[in-house]
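1. sequence and predicted structure below; questions after.
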Amino acid sequence: MTAPRSRAEQKRHTRALIVDAGRRTVASRGFSGLVVRELAREAGIVPTAFYRHFDSVEELATELAGAAADALAALVDTLVSIPTQDPASDWPRQASTQAAENPQTWSVLARGLVDTAGPDHRVLSAAVDTARRRLGITLGRLESLSGADGAVVDVTADLVVVVLVRHLMDVAAGQDARTLDGECAARLRVVLAGAAAQ
């Protein structure tokens, strides 16, 4: 028999249920799919209980977008903290690990980036820009890109982010990570070889 939860524990648990329901909703229907009644039904609570935790669905959307932006920043932290001369070999595995840990987070990121009219698009777009800049710094230090000018490195970083986000989405969708790691590595090699040839 489990011990009853304290009021504070129950409140945290209910909030976590709402956030989880929100992530699943955004992953499947986008941010416009956030509707209090449906979130409450999915979380197993009454609709009025939603408002004990969030003032609006917009507040929940902001929390979800912020968490996705933080997850991308954490992934980039991991990628740039491990010295490598071959990101095409190392980065896909790191991304797969992150995608497997929080699959719906990457769907939230992708949905928010596609929904350019959404209020939290700017948060996620800024997170991608930061990722691009940070990865660009790391790419600029690669021996193979030592002769590339800044514009080429910037474009390369843009393409690398696109390839990695696609990889995160595919792994999060449940596809075979080992196969996807190889495909992602091949795409990254093409991008990096193209930059080195400039």
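-> It's in.
2. run through the strands of the protein in chain order.
-> With DSSP state E as the definition, the chain shows no strands.
3. scan it for its longest helix.
-> Ordering each helix of the chain by length in residues (DSSP state H) puts helix 57-81 first.
4. for that one, buried residues please.
-> 57, 60-61, 63-65, 67-69, 71-72, 75-76, 79-80 (16 or more other Cβ atoms under 10 Å). Yep, even glycine has a C-beta here, placed from its N, CA and C like the rest.
5. for that helix, which helices and strands make contact with it?
-> Judged by 3 or more Cβ pairs under 8 Å, 6 or more residues apart in numbering; DSSP states H and E, helix 57-81 is in contact with helix 7-29, helix 36-43, helix 87-101, helix 103-114, helix 121-140.
6. mean pLDDT for these - can I get that in TSV?
-> Shown next, in TSV, are those (pLDDT from 0 to 100):
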stretch	mean pLDDT
helix 7-29	91
helix 36-43	95
helix 87-101	94
helix 103-114	90
helix 121-140	94
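7. of these, which approaches Gln175 most closely?
-> Closest to Gln175 of those is helix 87-101 (Cβ to Cβ; 9.9 Å).
8. can you tell me what sits against that closest one?
-> Residues from elsewhere that reach helix 87-101, judged by Cβ atoms under 8 Å, 6 or more residues apart in numbering: 71, 74-75, 78-79, 82, 84, 106, 138-139, 142, 160, 164, 167-169, 171-172, 177, 180-182, 184-186, 188-189, 192.
9. quick check on these: which are buried?
-> Neighbour counting by 16+ other Cβ under 10 Å classes 71, 75, 79, 106, 138-139, 142, 160, 164, 167-169, 171-172, 177, 180-181, 184-185, 188, 192 among those as buried.
10. quick check: end-to-end length of stretch 169-183?
-> For stretch 169-183, the separation between the terminal residues is 13 Å (Cα to Cα, to the nearest Å).
11. angle of the longest helix of the chain against helix 121-140?
-> Helix 57-81 runs at 0 degrees relative to helix 121-140, counting by axes from the mean of the first three to the mean of the last three Cα atoms, to 10 degrees.
12. now do helix 57-81 against helix 36-43, angle only.
-> Using the same axes, to 10 degrees: helix 57-81 against helix 36-43 is 60 degrees.
13. now helix 57-81 against helix 103-114, angle please.
-> Going by the same axes, to 10 degrees, helix 57-81 makes 110 degrees with helix 103-114.
14. tell me the mean pLDDT for helix 57-81?
-> In this model, helix 57-81 has an average pLDDT of 95.
15. and the contacts of it?
-> By Cβ under 8 Å, 6+ apart, the list of residues contacting helix 57-81 reads 18-19, 22-23, 26, 31, 34-36, 39, 54, 87, 90-91, 94-95, 98, 102, 105-106, 108-109, 112, 118-120, 123-124, 126-128, 130-131, 134-135, 137-138, 164, 168.
16. any chance of a ChimeraX selection covering the buried ones in those residues?
-> Entered in ChimeraX, the line below selects the buried ones among the contacts of helix 57-81, by 16+ other Cβ under 10 Å:
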select :18,19,22,23,26,31,34,36,39,54,87,90,91,94,95,98,102,105,106,108,109,112,118,120,123,124,127,128,131,134,135,138,164,168
